[in-house]
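Peer 1: Any chance you could fold what I've pasted below:
(2 chains)
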Amino acid sequence: DQQVKQNSPSLSVQEGRISILNCDYTNSMFDYFLWYKKYPAEGPTFLISISSIKDKNEDGRFTVFLNKSAKHLSLHIVPSQPGDSAVYFCAAGSTLGRLYFGRGTQLTVWP
Amino acid sequence: GAGVSQSPRYKVAKRGQDVALRCDPISGHVSLFWYQQALGQGPEFLTYFQNEAQLDKSGLPSDRFFAERPEGSVSTLKIQRTQQEDSAVYLCASSGWDQRETQYFGPGTRLLVL
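Peer 2: Numbers count the residues shown, from 1 in each chain, chains lettered A, B, ... in the order given. Sure thing, here's the model as predicted:
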């Protein structure tokens, strides 16, 4: 069973506009969440994380929002740039250490 | 290099062969994880080490999969009698002492079993 879900396999956004990537989870035991970015033939690169005690974390153009009651998080990228084009994975973890990943969303930012 | 390194980057094996995949974690990282990523999927957890102790191997799909980290640094994932369904990218990640610390991934080993 998929404990972390990314329901949009792809997203296309014009350069300069906002990209919003969504993620849902089912396990209430998850207490921290991460977003990774992946280019072809490379490993996932850490982007940003958030602890369950927060509802927002910001790092430059990237902001992650967490809604615990809805078991939903989202990644906002503002402004989007062509170099942001990649697959974005949402991941969730707990004290057990292992991460649970979604299937990823392919973001394409066009000029 | 300061990142996680993995070797080989690509491996082609005939069905039934044994393979060994190596991971060099970031220096000083206590925790080491192995994940398997099938085409079009997200990474799936295989196993977790804290130093040399294998604390969780619940994700290993069969007893043909074996992982070790004898000195608490380099780790090897071994797959015996490979089968076609083992074809995937095998990712290694390392992190610091706290299980909640960010996991940093290597480039992966792409395994193709013919």
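Peer 1: neighbours around the residue in chain A that chain B sits nearest to, how many?
Peer 2: Residue of chain A nearest chain B, by Cβ to the nearest Cβ: residue A:101 (3.3 Å). For glycine as for every other residue, the C-beta is placed from the backbone atoms N, C-alpha and C. Applying other Cβ atoms under 10 Å in any protein chain shown, we find 24 residues neighbouring residue A:101.
Peer 1: Residue A:35 versus that one, what's the distance?
Peer 2: According to Cβ to Cβ, to the nearest Å, residue A:101 stands 11 Å off from residue A:35.
Peer 1: Look up the residues that both of the two are in contact with.
Peer 2: Residues touching both residue A:101 and residue A:35 (Cβ atoms under 8 Å, 6 or more residues apart in numbering or on different chains): A:89-91.
Peer 1: Put together TSV for those residues, with distance to chain B, secondary structure and neighbour count on each row.
Peer 2: Output for those, formatted as TSV (distance: Cβ to the nearest Cβ, whole Å; DSSP: H, G, I helix; E, B strand; the rest coil; neighbours: other Cβ atoms under 10 Å in any protein chain shown):
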residue	distance to chain B	secondary structure	neighbour count
A:89	5	strand	26
A:90	8	strand	27
A:91	8	strand	24
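Peer 1: Those into CSV, with extra columns for pLDDT?
Peer 2: Listed next are the shared contacts of residue A:101 and residue A:35 as CSV, based on pLDDT from 0 to 100:
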residue, pLDDT
A:89, 98
A:90, 98
A:91, 97
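Peer 1: and of the residues you listed, the nearest to residue B:46?
Peer 2: residue A:91 (15.0 Å; Cβ to Cβ).
Peer 1: how about residue A:25, what does it touch?
Peer 2: A:3-5, A:33, A:71-73, A:92, A:100 are the contacts of residue A:25 under Cβ under 8 Å, 6+ apart.
Peer 1: and chain A, which residues reach chain B?
Peer 2: Neighbours of chain B within chain A, by Cβ under 8 Å from any Cβ of the partner chain: A:4, A:6, A:31-32, A:34, A:36, A:41-46, A:49, A:51, A:89, A:91, A:93-104.
Peer 1: What residues does chain B have near chain A?
Peer 2: B:4, B:6, B:31, B:33, B:35, B:40-45, B:48, B:50, B:55-56, B:59, B:91, B:93, B:99-100, B:102-108.
Peer 1: okay, now residue 29: neighbour count?
Peer 2: Since you didn't name a chain, this refers to chain A. Residue A:29, neighbours per other Cβ under 10 Å, totals 12.
Peer 1: my bad, the chain I had in mind was chain B
Peer 2: 18.
Peer 1: Leaving out the residues flanking it, which one is nearest to it?
Peer 2: Leaving out its chain neighbours, the residue that sits closest to residue B:29 by Cβ to Cβ, 6 or more residues apart in numbering or on different chains is residue B:94, at 3.7 Å.
Peer 1: go on, residue A:70?
Peer 2: residue A:24 (8.0 Å).
Peer 1: which residues sit in contact with the one you found?
Peer 2: Contacts of residue A:24 (Cβ under 8 Å, 6+ apart): A:4-7, A:70-72.
Peer 1: which of the residues you listed are the two that sit furthest away from each other?
Peer 2: Going by Cβ to Cβ, the pair spanning the contacts of residue A:24 furthest: A:6 and A:70, at 15.1 Å.
Peer 1: Show me which of these two is the more surrounded one.
Peer 2: Neighbour totals were compared for residue A:6 and residue A:70, and residue A:6 leads with 20 against 9 (other Cβ under 10 Å).
Peer 1: Perfect, I'm done here.
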